[in-house]
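> below: sequence and its predicted model.
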There are 2 protein chains.
Amino acid sequence: APSSAPEEVGRHRSLAERVWVTYGREVFDITDFVELHPGGKSKVLLAAGGALEPFWAMYAVHSQAHVLEILQAYKVGELSPEEQSQATQGDPYSGDPPRHPALQVNSLKPFNAEPPAELLTENYLTPNQLFFKRNHLPVPAVDAASYRLQVEGPGGRVLALSLPELKRRFPKHEVTVTLQCAGNRRSEMSRVRQVKGLEWGVAAISTARWGGVRLRDVLAHAGYREEEGEAGEQHVCFEGLDKDLSGVAYGASIPYRTAMGRGADVLLAYEMNGEELPRDHGYPLRVVVPGVVGARNVKWLGRVSVSPEESPSHWQQNDYKGFSPAVDWDTVDFTTAPAIQELPVQSAITDPAPGATVPPGELTVKGYAWSGGGRGVVRVDVSLDGGRTWRVAELTGEEQQPGRAWAWRLWQLTAPVPPGATELDIVCKAVDASYNVQPDTVEPIWNLRGVLSNAWHRVTVTLAED
Amino acid sequence: APSSAPEEVGRHRSLAERVWVTYGREVFDITDFVELHPGGKSKVLLAAGGALEPFWAMYAVHSQAHVLEILQAYKVGELSPEEQSQATQGDPYSGDPPRHPALQVNSLKPFNAEPPAELLTENYLTPNQLFFKRNHLPVPAVDAASYRLQVEGPGGRVLALSLPELKRRFPKHEVTVTLQCAGNRRSEMSRVRQVKGLEWGVAAISTARWGGVRLRDVLAHAGYREEEGEAGEQHVCFEGLDKDLSGVAYGASIPYRTAMGRGADVLLAYEMNGEELPRDHGYPLRVVVPGVVGARNVKWLGRVSVSPEESPSHWQQNDYKGFSPAVDWDTVDFTTAPAIQELPVQSAITDPAPGATVPPGELTVKGYAWSGGGRGVVRVDVSLDGGRTWRVAELTGEEQQPGRAWAWRLWQLTAPVPPGATELDIVCKAVDASYNVQPDTVEPIWNLRGVLSNAWHRVTVTLAED
């Protein structure tokens, strides 16, 4: 029987010495699996001699039962609890910043958390500390003084712009923008059938006033013209300074027209609600793409380039795409679906909370509504009887320019509680400026990755006795 | 008892002589109603001394039971059948062009008709004669030789452009565009609760290759610049040469940015599928606004202007807007909803027909899918079991440029019929490039005018015995 001490595990880091890894307290010899790893041999070898957890946390594809089953076939021993804690040292997340204790944590490493829903609609602008956090990788420690943004120009020439240069050379532009994670409300999809991903509630969405420079000004300075995008489809690619353990950076891209169109408000932001960008939100510089899924709003921005191809990143090519409910992990072909850019119309109830007991008489329901692509919210319908009858909610918060409505509307409805009711099935649904509406139910939009969860939101409450 | 002859009716044309009208064979003295007419005194007086039908046909608001009830209170006599036919002479629609007999007519005067659904998807481009026709008023007889398009410039100076001048001065631009009536699929909404409007099936949508000049080129020639629209919201207003009996022209407007944005493909079209524009489609010149509801695609274009206000037209201000299912004709306030511009994602089954008997074995289902705002169709899901399970249909037809996908995709699915089934509940639903989806059911999107009917389309068929 092999020794089970972490030192022994650490000696098995190549095919020649055999490849050992740990998961929890269990030790596995995966030498024979290395060539079979769907993500490639080099990726799996990064975990050799240590714990699998930090790697699997980065790639959601591992969170499924059959992956653990495969692993079991290679088990060779177990660590004691003390040995386990020793084995998971050298934590790449040890440099992450402190976070607000009010956040509801969906994953600690990488850090993913949302504010309590009822706090979300207390302010039109979400306080930075409560703004939902969606990190794919450890937060990089970026030194602002030596930071340079690399911008690749049309001929391949690379500009290296310091923060003071960026601020001096380009006009400051401020925009109020709502960001939403593609997985917002995923937990409702998992209740239909389990999906792969973080179990977000309704608060993986937040709004801030962002300050920075316009991406189009920076690209124009680098030599790009607005017309460029018309000759065939082009993409603006972003690379983050956050890297996985093999050194691969987070990356994403947006269509050239999204960046360069007249009225495009895409920012390279250094300010969030009047403060310096917090570390969790991309310090010192991040992309803010109004109207577009959070995943393209690359944080800790390292490099910008223009390409006839979308970003080659895993998160652009093999994640953040929508599929039919008929598609499962055995049949999925990521090349058949477009990368999510503009998000569909969305709304949710933030108050009362599910399962709350409410007094009889009058009830006030609160929530948010938002749509992608600058399409404003024109109406929110609320039902207290599961969708049988509807009332029109009052929209609050800033109304933005048509076609550039980048931020959410908050809403509320005060209505008499139907006499005799013991329970209320509260439902909301929003309509955007293209008169797109939310679908009635979750099941027909279910998808294996649990993204784009925008069915009517339902909250059931109990009435207190009179 | 009054004389019931049409001559007698014709003598009552003012408050002083009293105001008589006919509806069918019945004669009414509506003198006391004139001041009460919600549409204004002057409008109702236009019908004085004659038949109500041509007026009511122009304003859909009259097609409801309570309007007839109000009228009954004023009945004073009846015409004989011969007298009735005499009374409805002087038909303003007598100059309308001939139409193809295959069309399914929803209203003869004004002419509104759609092709049979199964013909619709036989061709990617709809033949002109079968293209759905949606006229609000009589087709005007326009003399192309003396025709002048009036374009109001920034200082109020009006250009008058002949057809040869338009063709000579501006480059010809061709775009394949799908037009859809706001009321397409209204009949499904009426099955939930009666709505006001023409009972369109699924074929108030068609696609053509349009040829003409770009509106932005014409507006630039008149002195407008792209930047104009950024200083506050502006609108491009269109006026048709088709007029109601009081001389009021059909009109509509679109946002300035829709007309002037880079990549804007808004046309002043003089060609349809390579032929001269047919009279029913706006001869000699019409507006084609890709991605936008049919109602803004003004035919028989007379005048273009730019204004800080939307078109004052009835059809812009008090029609073609979406409302909550909670809003009825007693509570509706048209100022509270935005005029429909971009339409939401849509799809429908064109084959098999509802109620058809299909052979066992394999079934092929065909249909169309489209979305507004240049958002392409990324997927169509089809179910043979009422939405319990789904398959992905094959998209056919041209794929257009992202962000400028102005035309529909046709689609088809061939699938085995579930063994033992005696009936199939076929359902389709489409997903557009913003990942917006169609709502599951009609009732929650029901609205008093029956517009924006884009719930899943359902067709039930019977299986032939094996």
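Looks like it came in fine.
> check contacts around residue A:84.
Taking C-beta atoms under 8 Å, 6 or more residues apart in numbering or on different chains, we find residue A:84 in contact with A:22, A:24-25. Where C-beta positions appear, they are placed from N, C-alpha and C, glycine not excepted.
> and if you look at residue A:241?
Contacts for residue A:241 were tallied using C-beta under 8 Å, 6+ apart; they are A:140, A:142, A:249, A:300-302.
> the same query, at a cut-off of 10 Å, please.
Neighbour list for residue A:241: A:137, A:139-142, A:147, A:249-250, A:282, A:284-285, A:298-303 [criterion: C-beta atoms under 10 Å, 6 or more residues apart in numbering or on different chains].
> now the residue most central in space within chain A. Nearest residue, chain neighbours left out?
Closest to where the C-alpha atoms of chain A average out (C-alpha atoms, centre = their mean) is residue A:181, at 3.6 Å. Closest residue to residue A:181 apart from its sequence neighbours, by C-beta to C-beta, 6 or more residues apart in numbering or on different chains: residue A:204 at 3.8 Å.
> what's the neighbour count on the residue of the stretch 1-150 of chain A found nearest chain B?
Closest contact between the stretch 1-150 of chain A and chain B, by C-beta to the nearest C-beta, is at residue A:134 (18.2 Å). Using other C-beta atoms under 10 Å in any protein chain shown, residue A:134 has 27 neighbouring residues.
> go on, the one 5 residues further on?
Number of residues near residue A:139 (other C-beta under 10 Å) recorded here: 24.
> I'd say it and residue A:243 touch.
No - counting by C-beta atoms under 10 Å, residue A:139 stays clear of residue A:243, with 11.2 Å between them.
> any shared contact partners between those two?
Contact criterion C-beta under 10 Å, 6+ apart; residues shared by residue A:139 and residue A:243: A:92, A:300.
> tell me the bridge partners for residue A:205.
Note on residue A:205: beta-bridge partners by DSSP bridges are residue A:180.
> can you check the pLDDT for it?
Residue-level confidence at residue A:205 comes out at 98, pLDDT.
> what about the stretch 1-150 of chain A, any weak spots by pLDDT?
Scanning the stretch 1-150 of chain A with the threshold set as pLDDT under 70 gives A:1-4, A:54, A:58, A:85-89.
> helices of that one, residue ranges please.
Secondary structure of the stretch 1-150 of chain A (DSSP state H, counting those that start in this stretch): helices at A:6-10, A:41-45, A:53-58, A:65-72, A:81-87, A:117-120.
> just how off-centre is the last one within its chain?
Relative to the mean C-alpha coordinate of its chain, helix A:117-120 is positioned 18 Å out (C-alpha atoms, centre = their mean, to the nearest Å).
> got a list of contacts for it?
A:102-104, A:114, A:126-127, A:130-132, A:201-203, A:205-207, A:348-354, A:356, A:366-368, A:408, A:410, A:459.
> buried subset of those, written for PyMOL?
Command for PyMOL that selects the buried part of the contacts of helix A:117-120, burial taken from 16 or more other C-beta atoms under 10 Å in any protein chain shown:
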select buried, chain A and resi 103+114+126+127+130+131+132+201+202+203+205+206+207+348+349+350+351+352+366+367+368+408+410+459
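> tell me which of the contacts of helix A:117-120 fall in strands.
A:104, A:114, A:205-207, A:348-351, A:366-368, A:410, A:459 (DSSP state E).
> which one of those residues is nearest residue A:374?
residue A:207 (14.4 Å; C-beta to C-beta).
> the closest one contacts residue A:368, doesn't it?
Yes - between residue A:207 and residue A:368 there is a contact under C-beta under 10 Å: 8.4 Å.
> shared neighbours, those two?
Counting by C-beta under 10 Å, 6+ apart, the contacts common to residue A:207 and residue A:368 are A:120, A:124, A:178, A:180, A:397, A:408, A:410.
> switch these over to TSV; also include distance to residue A:197.
Converted to TSV, the shared contacts of residue A:207 and residue A:368 look like this (distance: C-beta to C-beta, whole Å):
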residue	distance to residue A:197
A:120	20
A:124	28
A:178	21
A:180	14
A:397	29
A:408	23
A:410	27
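> you'd agree residue A:181 is up against residue A:451?
Yes - look at residue A:181 against residue A:451 with C-beta under 10 Å: they come within range, at 8.8 Å.
> shared neighbours of those two, anything?
In contact with both residue A:181 and residue A:451: A:197, A:293, A:295, A:320, A:343, using C-beta under 10 Å, 6+ apart.
> how about the secondary structure of residue A:382?
strand (DSSP: H, G, I helix; E, B strand; the rest coil).
> residue contacts, the residue nearest to residue A:181?
A:106, A:112-115, A:132-134, A:179-187, A:198, A:294, A:453.
> ok, it to chain B distance?
Counting by C-beta to the nearest C-beta, to the nearest Å, the gap from residue A:204 to chain B is 16 Å.
> closest to chain B out of the shared contacts of residue A:207 and residue A:368?
Nearest to chain B out of the shared contacts of residue A:207 and residue A:368 is residue A:180 (C-beta to the nearest C-beta; 12.1 Å).
> run through the residues that contact that closest one.
Applying C-beta under 10 Å, 6+ apart, the residues contacting residue A:180 are A:132, A:134, A:200, A:204-207, A:291-294, A:297, A:343, A:346, A:368, A:370-372, A:408, A:454.
> would you mind naming what in the stretch 51-200 of chain A lies close to chain B?
By C-beta under 10 Å from any C-beta of the partner chain, the residues of the stretch 51-200 of chain A that approach chain B are residue A:182.
> before we move on, the earlier item: need the max-distance pair from the ones in strands among the contacts of helix A:117-120.
Spanning the widest gap among those are A:207 and A:459, at 21.2 Å by C-beta to C-beta.
> what residues are up against whichever residue of the stretch 101-250 of chain A sits closest to chain B?
Going by C-beta to the nearest C-beta, chain B is nearest to residue A:233 of the stretch 101-250 of chain A, at 6.1 Å. Counting by C-beta under 10 Å, 6+ apart, residue A:233 touches A:255-257, A:308-310, B:401-403.
> pretty sure it is in a helix, no?
No - using three-state DSSP, the secondary structure at residue A:233 is coil, not a helix.
> confidence score at it?
So residue A:233 comes in at 84 (pLDDT).
> tell me how far it lies from residue A:263.
Using C-beta to C-beta, to the nearest Å, residue A:233 is found at 20 Å from residue A:263.
> please apply the same query to residue A:101.
As for residue A:101, its distance to residue A:263 is 40 Å (criterion: C-beta to C-beta).
> for the two, indicate the residue with more neighbours.
A count of neighbours by other C-beta under 10 Å puts residue A:263 above the other of residue A:101 and residue A:263, at 15 against 7.
> helix or strand for the more buried one, which one?
Using DSSP states H and E, residue A:263 maps to neither a helix nor a strand.
> strands along the stretch 101-250 of chain A, start to end?
For the stretch 101-250 of chain A, strands defined by DSSP state E, counting those that start in this stretch occupy the ranges A:104-107, A:112-114, A:133-134, A:149-152, A:158-161, A:172-180, A:205-214, A:235-243, A:249-255.
> and these, which is most packed in?
strand A:133-134 (a mean of 27; mean count of other C-beta atoms under 10 Å in any protein chain shown).
> got a list of contacts for it?
A:96-97, A:99-100, A:103, A:105-107, A:110-115, A:139, A:179-184, A:198, A:200, A:204, A:206, A:278, A:280-281, A:294-295, A:297, A:299.
> so residue A:225 touches residue A:306, yeah?
No - using C-beta under 10 Å, residue A:225 is not in contact with residue A:306; the gap is 11.0 Å.
> please enumerate the shared neighbours of those two.
With C-beta under 10 Å, 6+ apart as the test, residue A:225 and residue A:306 both reach A:154, A:219, A:260.
> just the buried ones from the residues you listed?
So, by 16+ other C-beta under 10 Å, the buried ones in the shared contacts of residue A:225 and residue A:306 are A:219, A:260.
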